[in-house]
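[1] One predicted model, sequence on top.
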Amino acid sequence: MAKQPATSEIGRRHYRWKELGLLIVPFLILLLEMFQLPLAQYYKASIDTNSQLIPFSTSILPNVHDLVPILGLIAAIVVVHILLNIFFPKADQMLFPIVALLSGLGVLMALRNGPDASTGSDPNLGSKQLLWVLIGLVAFLVTLFALRHMDWLRRYKYTWAVLGLVLVGITLGNALRVKNLDSPTHDQLNFGPFALQPSELLKIIIVIFFAAYLSENRDVIAEGGFRLGPLTLPPMRQLGPLLLMLGISLALFLGVRELGLALLIYGIFLSMLYLGSGKLSYALGGLAIFFLLGFVGYTLFSYVRSRFAAVGLNMVNWQAWDANVIDFARNGAGLQVAQGLIAISSGGILGTGFGLGHASALVPVAQSDMVVSVLGEEFGLAGLFALIGFYLVLIYRGFRIAIEARDPFYQLLAAGLTSIFGIQTLVISAGNLKLLPLTGIPLPFLSYGGSSVIANFLIIGILMRISHNTALEREGLA
């Protein structure tokens, strides 16, 4: 029997040249934007002081100390790239450069938004986001090394379900402490200087459970067991656990009162049910139930009604607003949406330039909920299209990993995790553009927040591990 080559020998033989070449793009963008930011701040200061002449001086350029965070991030990305070459040479070569670019832009946006944030200036916001990205890179590597054999994820599906229930219980217990039961709360648990959002881990756990359960029962679920009107539903023995997990997860909507979390969890459920069964009728029936539940939420919670009212703001004919609408747009839930749309429109096609916009100071929660508006103002419509393009490539590579996987569990797991990126990007971008009610879920890798960054890197780690294992299986090296 021929001796199989060692992993290090494979790495030397198959260097990840495509990944290395693609990493040059985020490196150049990060360095150029770091040089542009102090120039933009100096230019704005000159305008604010009514200075007629703006003399150029090298003293306003960033020094080595100012570049340390970005250089440190680039160094960390290079180290991860080298480790991928040594230990995971067969993993997808396009995912990591896209993630490096998006997370680097997230650090830059936090660095830019922090000093100007309308809801509390924080000059250290960029440093905090950088720290979370570095921790995320460590979590990414740990995931890759820990998931050498991924079958235990499938075997312990009910353990994952119990862990999800624990996270739901902790979150609900924390949320019910809020006295105002008709306003959204953040599912955030504080541990000294650190804060954890259980929902960020819950979404991964839900996908793992659904992938394991659907891959085990996909034939029975696809065939159906009984009819409910025009729909053919699976037997309750197979459908019951799915509905139970979904119902308990959606209980977060009633407890945390966060519309975005409900949209995300229900979207994951519909996506995986369709992917696991291949029946469009299940997805359409689930959408009908979703609209019914949405109407119930609209009736119960006034904040949901105000979010829908913000979608109906007529920003074109604003001169015809009455006093109530003006007050709603200035002080109510319409403030974020109105200011965000004004910021995007002022950016035009090419934008005002990085650091030259005003959205971070005028739009509430610009560093997380409204980061799309800041990007739209400073990078313009072209920048938004480029950003959407990066996310589309990320989603495409995730689904390609799912298609190439041989095991149904890995296929559903990769597709479900990729769906998280697609749903979150769609919901938060549409909310910023007044196409959907604005929600508080983060834009992957770009919005400020540690829990979100770490959870996203965990997802990327799982996807790249699946792609690496699939390639080894195809070549008979596993």
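    Good, I have the coordinates.
[2] Which elements pack onto the biggest helix by length in the chain?
    If you go by DSSP state H, the chain has its longest helix at helix 371-404. In this structure, helix 371-404 packs against helix 95-113, helix 334-347, helix 359-362, helix 408-432, helix 450-474, with contacts taken as 3 or more Cβ pairs under 8 Å, 6 or more residues apart in numbering; DSSP states H and E. In this view, the C-beta of every residue, glycine as well, is placed from N, C-alpha and C.
[3] what separates the first one from the chain centre, distance-wise?
    Meaning helix 95-113. In terms of Cα atoms, centre = their mean, to the nearest Å, the centre of helix 95-113 is found 12 Å from the chain centre.
[4] got it, and the third one?
    In terms of Cα atoms, centre = their mean, the centre of helix 359-362 is set 22 Å apart from its chain centre.
[5] Buried residues, it. List them.
    Buried positions in helix 359-362, judged by neighbour count with 16 or more other Cβ atoms under 10 Å: 359, 360, 362.
[6] Equivalent analysis for the last one, please.
    Residues of helix 450-474 classed as buried by neighbour count (16+ other Cβ under 10 Å): 450-473.
[7] quick one, strands of the protein?
    189-191, 194-196, 226-228, 231-233 (DSSP state E).
[8] if we can go back for a sec, tilt between the longest helix of the chain and helix 334-347?
    Angle of helix 371-404 versus helix 334-347, following axes from the mean of the first three to the mean of the last three Cα atoms, to 10 degrees, is 90 degrees.
[9] Helix 371-404: which residues count as buried?
    Neighbour-count burial for helix 371-404 flags 371-380, 383-384, 387, 390-391, 394-395, 397-399, 401-402, 404 (criterion: 16+ other Cβ under 10 Å).
[10] do stretch 205-220 as well
    Buried-residue list, stretch 205-220, by 16+ other Cβ under 10 Å: 205-218.
[11] Can I get stretch 90-108 in CSV, CA atoms only?
    Extracted in CSV, the C-alpha atoms of stretch 90-108 (Å, rounded to 0.1, in the frame of the first residue of the first chain):
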residue,chain,number,x,y,z
LYS,A,90,-7.2,22.1,0.0
ALA,A,91,-9.6,24.5,1.7
ASP,A,92,-11.5,27.1,-0.4
GLN,A,93,-9.1,29.9,-1.5
MET,A,94,-11.6,32.7,-2.0
LEU,A,95,-13.5,32.7,1.3
PHE,A,96,-10.6,34.0,3.5
PRO,A,97,-9.6,37.0,1.3
ILE,A,98,-13.2,38.1,1.2
VAL,A,99,-13.5,37.8,5.0
ALA,A,100,-10.2,39.6,5.4
LEU,A,101,-11.5,42.5,3.3
LEU,A,102,-14.9,42.7,5.0
SER,A,103,-13.5,42.5,8.6
GLY,A,104,-10.7,45.0,7.7
LEU,A,105,-13.3,47.4,6.5
GLY,A,106,-15.2,46.8,9.7
VAL,A,107,-12.2,47.9,11.7
LEU,A,108,-11.8,51.0,9.5
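[12] re earlier: turn the buried residues of stretch 205-220 into TSV, including distance to residue 170.
    Below are the buried residues of stretch 205-220 laid out as TSV (distance: Cβ to Cβ, whole Å):
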residue	distance to residue 170
205	13
206	16
207	20
208	19
209	18
210	21
211	24
212	23
213	23
214	26
215	28
216	28
217	29
218	32
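[13] quick one: which of the residues you listed is nearest residue 112?
    residue 207 (32.7 Å; Cβ to Cβ).
[14] would you list every one of the helices in the stretch 1-150 of the chain?
    7-13, 17-48, 64-87, 95-113, 125-146 (DSSP state H, counting those that start in this stretch).
[15] again, but for the stretch 151-300 of the chain
    151-155, 157-175, 198-223, 236-256, 259-277, 280-300.
[16] Any chance of those in CSV with distance to residue 97 and mean pLDDT as columns?
    Shown next, in CSV, are these (distance: least, Cβ to Cβ, whole Å; pLDDT from 0 to 100):
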stretch, distance to residue 97, mean pLDDT
helix 151-155, 26, 88
helix 157-175, 30, 78
helix 198-223, 23, 83
helix 236-256, 33, 67
helix 259-277, 26, 83
helix 280-300, 33, 78
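[17] Looking at those helices, which is nearest to residue 431?
    helix 259-277 (7.9 Å).
[18] tell me what the closest one is packed against?
    Counting by 3+ Cβ pairs under 8 Å, 6+ apart, helix 259-277 packs on helix 198-223, helix 236-256, helix 280-300, helix 408-432.
[19] And the helices of the stretch 151-300 of the chain: which comes nearest residue 75?
    helix 198-223 (26.7 Å).
[20] Low-confidence ranges, the protein, go.
    Per-residue confidence for the chain (pLDDT under 70) gives these ranges: 1-13, 44-60, 114-122, 174-195, 222-239, 242, 245-246, 248-257, 332-333, 477-478.
[21] May I see the helices of the stretch 151-300 of the chain organised as JSON lines, with distance to residue 348 added?
    Below are the helices of the stretch 151-300 of the chain laid out as JSON lines (distance: least, Cβ to Cβ, whole Å):
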{"stretch": "helix 151-155", "distance to residue 348": "47"}
{"stretch": "helix 157-175", "distance to residue 348": "41"}
{"stretch": "helix 198-223", "distance to residue 348": "35"}
{"stretch": "helix 236-256", "distance to residue 348": "38"}
{"stretch": "helix 259-277", "distance to residue 348": "29"}
{"stretch": "helix 280-300", "distance to residue 348": "35"}
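[22] who wins for proximity to residue 70 among these?
    Comparing those by Cβ to Cβ, helix 198-223 comes nearest, at 25.5 Å.
[23] how distant is that closest one from the center of its chain?
    On Cα atoms, centre = their mean, the centre of helix 198-223 falls 20 Å from that of its chain.
[24] can you state the direction angle for that helix and helix 157-175?
    Using the same axes, to 10 degrees, helix 198-223 lies at 140 degrees relative to helix 157-175.
[25] Can you spell out which helices and strands pack onto helix 198-223?
    helix 151-155, helix 157-175, helix 236-256, helix 259-277, helix 408-432, helix 450-474.
[26] Report the buried residues of the shortest one.
    Using 16+ other Cβ under 10 Å as the test for burial, helix 151-155 gives 153, 154.
[27] ditto for the second one
    The neighbour-count criterion (16+ other Cβ under 10 Å) identifies 157, 160, 161, 163, 164, 165, 167, 168, 171, 172, 174, 175 as the buried residues of helix 157-175.
[28] Rebuild those as a markdown table, extending it with distance to residue 102.
    Shown next, in a markdown table, are the buried residues of helix 157-175 (distance: Cβ to Cβ, whole Å):
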| residue | distance to residue 102 |
| --- | --- |
| 157 | 30 |
| 160 | 27 |
| 161 | 31 |
| 163 | 28 |
| 164 | 27 |
| 165 | 32 |
| 167 | 26 |
| 168 | 29 |
| 171 | 27 |
| 172 | 32 |
| 174 | 30 |
| 175 | 30 |
